[in-house]
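# quick one: sequence and predicted model below, then my questions.
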Amino acid sequence: MPFNSELLQITLLSLQISATATAISLLLGLPLGTALALGKFPLRGFFMSAVNTGMGLPPVVVGLFVAMMLWRSGPLGSLDLIYTPAAMIIAQVVIAFPVVSGLTAAALQALDPRLRLQLLGLGASRLQMVWMLWREARLPLLAALMAGFGAVISEVGASIMVGGNIRYQTRVLTTAIVLETSKGEFPTAVALGVLLLIITFLVNWALTSIQQRGARR
Amino acid sequence: MTPLIEIRDLLVQRGGRTALHVDSLDVVRGEVLALVGPNGAGKSTLLLAFARLIAIAGGSVRYDGRLLATWRALEYRRRLSYVFQDPLLLDMSVEQNVALGLRFRGVENREARIRASVWLQQLGIDALAPRRAVELSGGEAQRVSLARALVLDPELLLLDEPFAALDPPTRARLLDDLLPLLRQDGRTTVFVTHDLQEAARLGQRIGVIAGGRLRQVGTASQIKTDPADDEVAAFLSSL
């Protein structure tokens, strides 16, 4: 594969899919992780265990379930999403969302439990209290975001299974690496691998810079 | 004078066990009531119950003549301020910490900063305003915590052993500074301590809590000369 517009398209699609999946995971995972950390409700322990288990979900298993759901004869087949970027985003959300939820819950549970009472004792509403706790736990929460993004930008199993690695449509960096390797095009595969590493590094570098600026005493 | 708080047969349970029982207690407007007792006796539990920060299992608490349960939780909590034993400051500037409760109440940022600066001055920490709260010493942090509570001009101030973690000289200085502030405002204050001397200095009345029960309420001399029961006598003799 020459380094041309196709490579740029693959790179941008990778970033677009993984960034969207990470953003959706954050929108879902932050409230769920907060509820698990601060809430008192039946089966809380069960949900916490489920989220912790979800943090280690093998991407191929996620790919299998999402493919079964989106398959033309599957329960969501009528949506016609299989082998589309949307399907890849769904699969990546399933992978990243438990990571963000679990690390959010851990970050909030690491705060002094009396801090909640102190905020309420100063007249904070529930929402204001949660906002201040997020602010206080912003460093580990950024780490949760990085872990979520890292999990999806680097996964390949689910993306191939639900995306199909279709040229110009669902081919991303990881699936392109698999393809090039299967063809014996090792130099191209290595170059794509290095590009993936550089992109992952740059994104994490940016997030780490924000995180460490907050940590500086 | 009508009591600000009236408690009858209050029961608080924690972990399925009775943590506190109070037959009757009135907190009069403008008074400083000190609660003393050994560690784990239930003093802080009573303060948390006052602030509606823990559930009440039985009995009644009236605030300003109205049953506590009939107050909207947020409306009620915004009439009081709570200071914990540890300052529990947030990772922001001292000034922002002091202005926090005002910001929760929707006070505009500039106004909140002006009001915060008044209390930073009153507590002798105005020079610390731009510093990050995490950089403060224990005594400075506790002053910030007190300023953060007092800036809200609360009807009821709840102080849960605010000096317990401080060294004796710092503690004495802070007490010297706080005493006139409470007296000048005539602010209704409930103050928890396990130090009877501190209680006698700060409180107009003293309540003794031991073994999860409010045993006696009176002046320091009444309690010393005529302890209500063996538990109170045992607490006094342990000092």
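Received the coordinates, thanks. Note that the coordinates shown come from a computational prediction; the quantities given were computed from them, not determined experimentally.
# next up, the contacts around residue 166.
This is for chain A. residue A:83 (CB atoms under 8 Å, 6 or more residues apart in numbering or on different chains). For the C-beta atoms, the positions are set from N, CA and C on the backbone; glycine is no exception.
# you looked at the wrong chain, it should be chain B
Residue B:166 touches B:138, B:139, B:142, B:174, counting by CB under 8 Å, 6+ apart.
# among those, the buried ones, what's the ChimeraX command?
A single ChimeraX command selects the buried members of the contacts of residue B:166 (16 or more other CB atoms under 10 Å in any protein chain shown):
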select /B:139,142,174
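# distance to chain A, pLDDT and secondary structure added to the contacts of residue B:166, as JSON lines?
As requested, the contacts of residue B:166 are exported to JSON lines (distance: CB to the nearest CB, whole Å; pLDDT from 0 to 100; DSSP: H, G, I helix; E, B strand; the rest coil):
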{"residue": "B:138", "distance to chain A": "15", "pLDDT": "91", "secondary structure": "helix"}
{"residue": "B:139", "distance to chain A": "18", "pLDDT": "90", "secondary structure": "helix"}
{"residue": "B:142", "distance to chain A": "13", "pLDDT": "93", "secondary structure": "helix"}
{"residue": "B:174", "distance to chain A": "18", "pLDDT": "85", "secondary structure": "helix"}
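# could you pull out the helices for chain A?
A:5-38, A:44-54, A:59-70, A:85-109, A:114-121, A:126-136, A:138-153, A:157-163, A:173-182, A:186-215 (DSSP state H).
# nearest to residue B:90, of these?
Nearest of these to residue B:90, taken as CB to CB: helix A:126-136 at 5.8 Å.
# re earlier: so which of the helices of chain A gets nearest chain B?
Nearest to chain B, of all the helices of chain A, is helix A:114-121, at 2.9 Å by CB to the nearest CB.
# the closest one packs against which elements?
helix A:126-136, strand B:80-83 (3 or more CB pairs under 8 Å, 6 or more residues apart in numbering or on different chains; DSSP states H and E).
# from the ones you listed, which stretch is densest packed?
strand B:80-83 (a mean of 26; mean count of other CB atoms under 10 Å in any protein chain shown).
# can you give the contact residues for the following helix or strand past that one?
Per DSSP states H and E, strand B:80-83 leads on to helix B:94-104 as the next helix or strand towards the C-terminus. Contact with helix B:94-104 is made by A:122-125, A:128, A:132, B:78, B:81, B:89-90, B:107, B:109, B:111-113, B:115-117, B:119-120, B:125, B:128-133, B:136, B:144, B:147-149, B:151-152, as judged by CB under 8 Å, 6+ apart.
# and the helices in chain B?
For chain B, the helices defined by DSSP H cover B:43-50, B:73-77, B:94-104, B:109-122, B:138-150, B:168-185, B:196-202, B:220-225, B:230-237.
# hmm, which of the contacts of helix B:94-104 are the buried ones?
For those, buried by 16+ other CB under 10 Å: A:122-125, A:128, A:132, B:78, B:81, B:89-90, B:107, B:112-113, B:115-117, B:119-120, B:125, B:128-129, B:132-133, B:136, B:144, B:147-149, B:151-152.
# how about the residues of chain A by chain B?
Residues of chain A lying near chain B by CB under 8 Å from any CB of the partner chain: A:112, A:114-115, A:117-118, A:120-125, A:128, A:132, A:135-136, A:217.
# ok, now how distant is residue B:87 from residue B:119?
Taking CB to CB, to the nearest Å as the measure, residue B:87 falls 15 Å from residue B:119.
# same deal with residue B:195?
As for residue B:195, its distance to residue B:119 is 25 Å (criterion: CB to CB).
# then residue A:164?
From residue A:164 over to residue B:119 (counting by CB to CB), the distance is 64 Å.
# tell me where the model's unsure across chain B.
Across chain B, the ranges flagged by pLDDT under 70 are B:1.
# grab the nearest non-local neighbour of the one residue in it that gets nearest to chain A.
Closest contact between chain B and chain A, by CB to the nearest CB, is at residue B:82 (2.9 Å). Leaving aside its sequence neighbours, residue B:82 sits nearest to residue A:121 (CB to CB, 6 or more residues apart in numbering or on different chains; 2.9 Å).
# so that neighbour sits right up against residue B:78, yeah?
No: using CB atoms under 8 Å, residue A:121 is not in contact with residue B:78; the gap is 10.4 Å.
# for chain B, what lies in contact range of chain A?
By the rule CB under 8 Å from any CB, the part of chain B lying against chain A is B:48, B:51, B:53, B:74, B:77-78, B:80-82, B:84, B:86, B:88, B:90-91, B:100-101, B:104-105, B:132, B:134-135, B:148-149, B:152, B:158.
# give me the neighbour count for residue B:67.
11 (other CB atoms under 10 Å in any protein chain shown).
# check contacts around it.
For residue B:67, the contact set (CB under 8 Å, 6+ apart) comprises B:60, B:61.
# the one 5 residues further on too?
With contact set as CB under 8 Å, 6+ apart, residue B:72 has no partners.
# same for the worst-scoring helix or strand of chain A on mean pLDDT, what does it pack against?
Across the helices and strands of chain A, the lowest-confidence element by mean pLDDT, DSSP states H and E is helix A:186-215, at a mean of 89. The contact analysis (3+ CB pairs under 8 Å, 6+ apart) places helix A:186-215 against helix A:5-38, helix A:138-153, helix A:173-182.
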